[in-house]
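K.L.:
Coordinates only, no sequence provided:
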């Protein structure tokens, strides 16, 4: 059957329509060429993606994609790296997914979710951020954000102000429906509603009057300390609320830095929402005293004015330019060059810390230095980085900023741990013991640090992996009790449940890859092994063959495996199942090991994990190895046989 598989308007290239047959059919016209494919561009502006020059484009290739019901085309670069994927995901013969890559990672996709040949969703991935925009009118303009980080909100508001784009600003605001879901008390809800009612008009007035933020302006930094939780019960509220107060954005225009006060941001699911129009800071604290809604505002601790349109000196400009150049060089540098580049980057960031004009800016540069040095040490590309982190920590502690000291200290600990693991002939048991000791001390010294939940989670994982499961369960419980709103608490709660699972009923419910609902309780009367796995893990793949053999051998006796795949995307799983079909159910939800509900419910932190459940639905082994499974199955079957009336003992 002939059908059109490729239909799309490209930005700036006019209409591009290539008709072709379905996979395996006769072509109506020529198959798409690399040149045609590379003419397609993201609908949203500002996406950084690989665009080969003419010389490299000649070495690119385009290949058909066929993964179950998904068909389409993929473009690969000279070295075989992915550049584009254009897919028909519903089998209607029309492309509905346009994917763009940068350095081998997908960074953006246009999505036609209702399959009417018009994109209505836009998503950014990996190094491009977390944004997920919805285009209800299908006019290439984002009407609302399904997901967007606080940092990205500050960047979007700068772009909206630079373009005097009222629609772009409005898409960032908390909606009336969302306000109703926050569970605020009557007084606080009315206050937020009042801010929202004035926001659009205030933005329009600012966009018309201000002259300092223009099309030439660039977002430079996100300014905030940390988000806070307004607990349920505050002034009649019925839910915890996560908010940022007094958020600012630093904007650079022709060497002049402007501070834009964004104000309060409220977390609504995977998105952050504005409640007010931005303000350009004038240097008088009274101008911004009213911006805090939930917490006492503190724009500047010193109370000193922030000079508008502050002109940075030539030295700072040179530092920033050189830092940008080093970042590009590091992405392509050989290992031998990275040590020197990382050292230079550290020196430059230290200079920016010393030249910071206020505590907030100093903290931002300090965090960036701690992050980059810690990662460089862990990657094995900066041997002297540990000493630099120790020096930085001493400096911050001398300033008396305990919160910032905790931030640097945690990066120092992770760098030390990574470096210890890289040591030739390292005594892993001693390395783990030192890691546990340092994390324990950190959790006790900085109980309220934003990094403490992650530190406790890493501590509990380390204890569990070393066999100290009772102590691990205690720390998992501490994390849930002391930091219930942290993302780590969900994983910790599941891990504690898993460690205490033997002798109890296990709950598992989800959709299988063939669209059915699987409930573990419905498998009562069978011996079940729940196999948490991923196709990128060789140990997991090694389990599949013995599981298939055991299923073939004992399936008639009531044994059945249930797979819970933790691949990041369904395409990867589909490819694996095509290579190696599995006869037992496979439950799947996207999100990988970290963001997957199924993984978090059991606190899965390493793979594979196999949990054995008897015919009564009771867990008999929460961490069984494939090599131990047959003996346990025989034991359960023998126990069942012996329990039957009239059974003869042997």
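P.N.:
Perfect, I can see it now. Computed from a predicted structure; not experimentally measured.

K.L.:
all strands of the stretch 551-650 of the chain, in order?
P.N.:
Taking DSSP state E, counting those that start in this stretch, the strands of the stretch 551-650 of the chain run over residues 559-565, 586-588, 609-613, 619-621.

K.L.:
With residue 85 as the reference, name the closest of the ones you listed.
P.N.:
strand 586-588 (20.0 Å; CB to CB). Placement of C-beta: from N, CA and C, glycine included.

K.L.:
And that closest one, what does it pack against?
P.N.:
strand 509-511, strand 559-565, helix 570-579 (3 or more CB pairs under 8 Å, 6 or more residues apart in numbering; DSSP states H and E).

K.L.:
What about residue 428, how many residues nearby?
P.N.:
10 (other CB atoms under 10 Å).

K.L.:
shaky segments in the stretch 201-350 of the chain?
P.N.:
281-292, 296-314 (pLDDT under 70).

K.L.:
hmm, back to that, could you identify which of the helices and strands packed on strand 586-588 is most buried?
P.N.:
strand 559-565 (a mean of 23; mean count of other CB atoms under 10 Å).

K.L.:
Report the buried residues of the top helix by length along the chain.
P.N.:
When the chain is parsed with DSSP state H, its longest helix is helix 186-209. For helix 186-209, a neighbour-count test (16 or more other CB atoms under 10 Å) marks 188-189, 191-192, 195-196, 199, 203, 206-207 as buried.

K.L.:
Any idea which residue is closest to the centre of this structure?
P.N.:
residue 130 (6.9 Å; CA atoms, centre = their mean).

K.L.:
Apart from its neighbours in sequence, what residue is nearest residue 463?
P.N.:
Nearest residue to residue 463, sequence neighbours excluded (CB to CB, 6 or more residues apart in numbering): residue 472, at 3.9 Å.

K.L.:
That should have said residue 72, apologies.
P.N.:
Closest residue in space to residue 72, ignoring its immediate chain neighbours: residue 87 at 3.7 Å, by CB to CB, 6+ apart.

K.L.:
neighbours of the residue nearest to residue 608 when sequence neighbours are not counted, just the number please.
P.N.:
In space, and not counting its chain neighbours, residue 608 is closest to residue 540: 4.4 Å by CB to CB, 6+ apart. Counted with other CB under 10 Å, the neighbours of residue 540 add up to 21.

K.L.:
now residue 388
P.N.:
Residue 388: 24 neighbours (other CB under 10 Å).

K.L.:
Run through the helices of the stretch 351-500 of the chain in chain order.
P.N.:
With DSSP state H, counting those that start in this stretch as the criterion, the stretch 351-500 of the chain has helices at 359-378, 385-399, 402-422, 428-445, 452-465, 469-482, 487-499.

K.L.:
Residue 93 is nearest to which of the ones you listed?
P.N.:
Checking those against residue 93 by CB to CB gives helix 487-499 as the closest, at 41.1 Å.

K.L.:
Correct me if wrong, but residue 319 is in a strand.
P.N.:
No. Per DSSP: H, G, I helix; E, B strand; the rest coil, residue 319 lies outside any strand segment and is helix.

K.L.:
Is it in contact with residue 354, as I believe?
P.N.:
No. Between residue 319 and residue 354 there is no contact under CB atoms under 8 Å: 10.4 Å.

K.L.:
Excluding sequence neighbours, find me the nearest residue to residue 498.
P.N.:
Spatial nearest neighbour of residue 498, excluding adjacent residues (CB to CB, 6+ apart): residue 602 at 4.7 Å.

K.L.:
From residue 561, how far out is the one you found?
P.N.:
Between residue 602 and residue 561 the distance is 16 Å, computed by CB to CB, to the nearest Å.

K.L.:
what's the straight distance from one end of stretch 479-492 to the other?
P.N.:
End-to-end span of stretch 479-492 (CA to CA, to the nearest Å): 7 Å.

K.L.:
For that stretch, buried residues please.
P.N.:
Counting neighbours by 16+ other CB under 10 Å, one finds that the buried residues in stretch 479-492 are 479-480, 483, 486, 488-492.

K.L.:
Count the residues that sit near the residue nearest to residue 72.
P.N.:
20.

K.L.:
What's the mean pLDDT across the helix or strand hosting residue 36?
P.N.:
In the assignment (DSSP states H and E), residue 36 maps to helix 34-39. Helix 34-39 shows a mean pLDDT of 94.

K.L.:
Could you break the protein into its assigned domains?
P.N.:
Per the record, the chain has its domains at 2-143, 148-310, 312-412, 427-488, 509-643, by automatic domain parsing.

K.L.:
what stretches of the chain score poorly on pLDDT?
P.N.:
1-30, 281-292, 296-314, 641-650.

K.L.:
how about 50 then?
P.N.:
For the chain, the stretches with pLDDT under 50 are 1-29, 282-290, 296-311, 647-650.

K.L.:
what separates the closest residue to residue 417 other than its chain neighbours from residue 239, distance-wise?
P.N.:
The shortest distance from residue 417 to any non-neighbouring residue, by CB to CB, 6+ apart, is to residue 435 (4.9 Å). Distance, residue 435 to residue 239, using CB to CB: 37 Å.

K.L.:
Among these two, which residue is more densely surrounded?
P.N.:
When neighbours are counted by other CB under 10 Å, residue 435 and residue 239 differ, and residue 435 comes out ahead with 22 against 12.

K.L.:
how near is the more buried one to residue 467?
P.N.:
Noted for residue 435: a distance of 15 Å to residue 467, by CB to CB.

K.L.:
Helices of the stretch 501-650 of the chain, residue ranges please.
P.N.:
For the stretch 501-650 of the chain, the helices defined by DSSP H, counting those that start in this stretch occupy 538-554, 570-579, 592-595, 597-601, 626-643.

K.L.:
All good on my end, thank you.
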